[in-house]
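Trainee: this one's structure only:
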């Protein structure tokens, strides 16, 4: 294995050690009570290393969710004519667990449950994701992106994503929850179309 590969693997190990240490401490003692120095000790790195990988404590707390948001944004960005919003969200929900190791999933869920202040905490992906999603929703409903119906569906999807991340006991083999999500989103879109037609 070449030196570059070794360096990259070493950097990835440190990154993940800091990420998991931070989320674990946020889950155990709370976001506000946790310091960068404590995270460094837990991850067995220096505080300088923590800052090199994560500019702020909030970046540690939101890194896993930000990565998920980035993948969802990619799905919305690939939106094309004839695409189904329900299929897009369903596919993302089914694929997402394959990108998140079990330990990270459980720790992230525990952290979010302990710290409601982190629910919906903004990341660099928030605004672009909202814009990409609004465009897809507007196309699906055949309305302008600033139509109130778009904001209603955005709220539904945001709620689904948060509840999905909070599921500590998520069963990757079971599609029961996803069937319910699909039905709820389909029903909301149908109802919104009907309201517009009745105007």
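Mentor: Good, I have the coordinates. What you see is a predicted model; the values in this text were computed from it and never measured.

Trainee: what does the helix or strand where residue 106 lies rub up against?
Mentor: Residue 106 is located in helix 102-114, with elements delineated by DSSP states H and E. With contact meaning Cβ atoms under 8 Å, 6 or more residues apart in numbering, helix 102-114 is reached by 19-20, 23-24, 26-28, 30-31, 61, 64-65, 97, 100, 118-119, 162, 165-168, 170. Yep, even glycine has a C-beta here, placed from its N, CA and C like the rest.

Trainee: Mind checking what secondary structure residue 31 has?
Mentor: What DSSP: H, G, I helix; E, B strand; the rest coil gives for residue 31 is coil.

Trainee: Could you list the low-confidence segments of the protein?
Mentor: For the chain, applying pLDDT under 70 flags the ranges 1-4, 81, 122-125, 168-175, 198-199.

Trainee: show me the contacts for residue 72.
Mentor: Counting by Cβ under 8 Å, 6+ apart, residue 72 touches 92, 96, 129, 133, 161.

Trainee: how about the closest residue to residue 46 other than its chain neighbours, phi and psi?
Mentor: Once flanking residues are discounted, residue 46 sits nearest to residue 40: 6.0 Å by Cβ to Cβ, 6 or more residues apart in numbering. Here is the backbone geometry of residue 40 (degrees, to the nearest 10): phi -60, psi -40.

Trainee: give me the number of residues near residue 103?
Mentor: When neighbours are counted by other Cβ atoms under 10 Å, residue 103 registers 12.

Trainee: wait, I meant residue 60
Mentor: If we define neighbours as other Cβ under 10 Å, then residue 60 has 26 of them.

Trainee: quick one: contacts for it?
Mentor: 18, 19, 22, 23, 26, 39, 50, 54.

Trainee: which ones are touching the residue lying closest to residue 50 once chain neighbours are set aside?
Mentor: Closest residue to residue 50 apart from its sequence neighbours, by Cβ to Cβ, 6+ apart: residue 40 at 4.9 Å. Residue 40 is in contact with 18, 46, 47, 49, 50, counting by Cβ under 8 Å, 6+ apart.
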